[in-house]
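Novice: let me see the structure of the following:
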Amino acid sequence: MPNLRDYLDIRLASACDQWHSIIDRTPVTEGSRQVAFLPVETLICLAASLLVNHRKYGGSTAHRAVEPVPTLARLFRRPNSSVLAKMANLDGSRRNGAKHEVEVAARLLAEPGQLGAAYRILITAARSVGVGPAALPDFLGLAGNEDDLLLIGQRELDEADIVTAIRPAVEVWRESRTDLDERTTERLLMAAVRVGQHRFASEVLRNHGHRCVFCGLSVALPEKRAARMLIASHIKPWRECTHAERLDARNGLTACPTHDVAFDTGLMTVNGGLRIHLKPALAAAVQADPAARAAFGRPPLAEKLLLPDAAMPPDAKYLAWHRQHIFEEAAS
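Specialist: Model prediction:
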């Protein structure tokens with residue numbers, strides 16, 4: 001049985017041996033007894049959880065799981081449901097994982113740089129034994145570059161807000177997950193919030209074509225740098241949201257830093273027809289101040305949100321909340 005260090009300190013030689021074992025594996029049909037997950041499989045599933053929310057899929061919908069789940073299932077010679085179940089084990093949703101898996105997830109998700117380093121080893125080992133990009137794509141885009149693994153959207157989160165949000169879940173887990181110590185429970189639940197925010201921000205950015213919906217700014221830079229030029233944040237602030245609202249991409253807008261701050265502080269809002277409105281004081285500044293005009297004149301500011309043709313528009317209920325609680329209450 002693997003020990004904690006087999007996951008946290010994965011070595012290239014060990015990873016190569018495990019990939020060889022996977023390549024030689026006989027496919028297992030749904031419902032049949034499967035071989036135990038190897039550390040490389042578990043770690044790849046943990047990395048994939050940054051992109052895929054396993055909770056969206058039940059037993060009857062596992063076949064609809066998005067990439068990289070189907071590709072990983074084929075590589076591991078397992079059904080989609082097995083990969084999704086492993087993700088559930090890792091985030092504590094199920095008790096059926098190997099002894100150390102929840103602790104591994106809690107540690108690595110709390111230290112994304114360490115998870116990124118392990119991921120690079122897994123990809124390097126896979127390539128060295130003949131597992132190419134078609135069988136195992138570099139779905140985090142970390143192979144061949146020196147950038148750290150980055151969880152995006154984190155600036156919107158306040159540590160105190162996270163602690164408050166997870167407190168009820170911590171109490172429930174103390175009763176139901178007596179197999180976990182309190183520190184691991186707290187780290188895992190805090191990591192779940194940060195991963196959820198990362199998935200939310202990633203989906204918002206994709207939905208808006210990676211450009212500011214207010215002015216159209218789009219930057220072709222490596223992700224680590226581009227992440228500071230475009231911000232995907234909530235319309236109804238995270239701290240005010242229910243759990244479902246925090247993960248709803250229709251509660252998000254992609255903006256450049258200037259327009260993100262103006263929207264968050266109530267200097268701008270968007271009506272139900274997606275038209276952009278300025279606070280009277282800001283509109284006056286645009287007329288009098290060339291610098292204000294350069295940022296909030298039209299152009300560069302659009303009359304309506306700039307959304308790709310196939311984009312999901314923001315939900316009217318979130319825009320209404322922003323107008324009532326942020327725009328109308330902001331000082332003129």
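Novice: worst-scoring helix or strand of this structure, pLDDT-wise?
Specialist: Within the chain, confidence by mean pLDDT, DSSP states H and E is lowest for helix 223-226 among all helices and strands, at a mean of 55.
Novice: all strands for the chain, in order.
Specialist: 231-234, 252-255, 268-270, 276-278 (DSSP state E).
Novice: export those to CSV and tack on distance to residue 157 and mean pLDDT?
Specialist: Any C-beta I mention is one placed from the backbone N, CA and C, and that applies to glycine too. CSV is the format used below for the strands of the chain (distance: least, C-beta to C-beta, whole Å; pLDDT from 0 to 100):
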stretch, distance to residue 157, mean pLDDT
strand 231-234, 10, 94
strand 252-255, 14, 98
strand 268-270, 22, 97
strand 276-278, 26, 97
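Novice: deepest of those strands, which one?
Specialist: strand 252-255 (a mean of 27; mean count of other C-beta atoms under 10 Å).
Novice: adjacent strands (with direction) for that one?
Specialist: Within its sheet, and counting by DSSP bridges, strand 252-255 is paired with strand 231-234 (antiparallel).
Novice: how far does the partner strand sit from the chain's center?
Specialist: Put simply, strand 231-234 sits 12 Å off its chain's centre (C-alpha atoms, centre = their mean, to the nearest Å).
Novice: buried residues, stretch 158-168. List them.
Specialist: By 16 or more other C-beta atoms under 10 Å, the buried positions in stretch 158-168 come out as 162, 165, 166.
Novice: let's see which of those end up in helices.
Specialist: Residues of the buried residues of stretch 158-168 located in helices (DSSP state H): 162, 165, 166.
Novice: how much space between the first one and residue 92?
Specialist: As for residue 162, its distance to residue 92 is 16 Å (criterion: C-beta to C-beta, to the nearest Å).
Novice: got it, and residue 44?
Specialist: For residue 44, the distance to residue 92 (C-beta to C-beta) stands at 19 Å.
Novice: just give me the residue closest to the centre of this structure.
Specialist: For the chain, residue 199 is the residue whose C-alpha lies nearest the centre (C-alpha atoms, centre = their mean; 2.1 Å).
Novice: how many residues are close by residue 186?
Specialist: 19 (other C-beta atoms under 10 Å).
Novice: with the one 3 residues further on instead?
Specialist: Other residues within reach of residue 189, judged by other C-beta under 10 Å, total 21.
Novice: quick one: contacts for the closest residue to it other than its chain neighbours?
Specialist: Nearest residue to residue 189 in three dimensions, chain neighbours excluded: residue 166, at 4.3 Å (C-beta to C-beta, 6 or more residues apart in numbering). Listed by C-beta atoms under 8 Å, 6 or more residues apart in numbering, the contact partners of residue 166 are 186, 189, 190, 193.
Novice: likewise residue 44?
Specialist: Applying C-beta under 8 Å, 6+ apart, we find residue 44 in contact with 72, 119, 122, 136.
Novice: same thing but 7 Å
Specialist: Contact partners of residue 44, counting by C-beta atoms under 7 Å, 6 or more residues apart in numbering, are 72, 122.
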